[in-house]
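Q: Provide a 3D model corresponding to the input given below.
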Amino acid sequence: MGKRLFWFGVGIGVTALLVLKGKEIFEKYTPKAIADRASNMQRELSMRASDFISTMKSAMDEREAELRELMEIED
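A: Have a look, this model is predicted:
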């Protein structure tokens, strides 16, 4: 009787674990969750591109000023 009760408890524990993990996985791959992740990725990519462009522009302006100084060209 003790063995059966033990294995019954183990079965309940494993089942509960599988149900909870299954629920997490299911919620992770719903269309809304996928759309949210895609939206977040798009926002992050947009921010990174904006940072890259602003850094590039400032570097270009800095280099242009250096070249103008070397060539003695006035603005």
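Q: helices or strands up against the longest helix anywhere in the chain?
A: When the chain is parsed with DSSP state H, its longest helix is helix 31-71. Applying 3 or more CB pairs under 8 Å, 6 or more residues apart in numbering; DSSP states H and E, we find helix 31-71 packed against no helix or strand. Any C-beta I mention is one placed from the backbone N, CA and C, and that applies to glycine too.
Q: all numbers from here: first residue = 378
A: With the count now opening at 378, the last piece we talked about shows up as helix 408-448.
Q: Run the chain-centre distance for that helix.
A: With CA atoms, centre = their mean, to the nearest Å as the basis, helix 408-448 stands 17 Å off its chain's centre.
Q: What count of nearby residues applies to Val391?
A: 10 (other CB atoms under 10 Å).
Q: element containing it?
A: helix 379-405 (DSSP states H and E).
Q: buried residues in that helix?
A: Using 16 or more other CB atoms under 10 Å as the test for burial, helix 379-405 gives no buried residues.
Q: quick one: average pLDDT of that helix?
A: Summarised as a single mean, pLDDT over helix 379-405 is 93.
Q: same question, stretch 435-444
A: 96.
Q: Using CSV, write down the CA coordinates of that stretch.
A: Extracted as CSV, the C-alpha positions of stretch 435-444 are listed here (Å, rounded to 0.1, in the frame of the first residue of the first chain):
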residue,chain,number,x,y,z
SER,A,435,28.7,62.8,-35.8
ALA,A,436,31.7,60.8,-36.9
MET,A,437,31.3,62.1,-40.5
ASP,A,438,30.9,65.7,-39.3
GLU,A,439,34.0,65.3,-37.1
ARG,A,440,36.1,63.9,-40.0
GLU,A,441,34.9,66.6,-42.4
ALA,A,442,36.0,69.3,-39.9
GLU,A,443,39.4,67.6,-39.6
LEU,A,444,39.8,67.5,-43.4
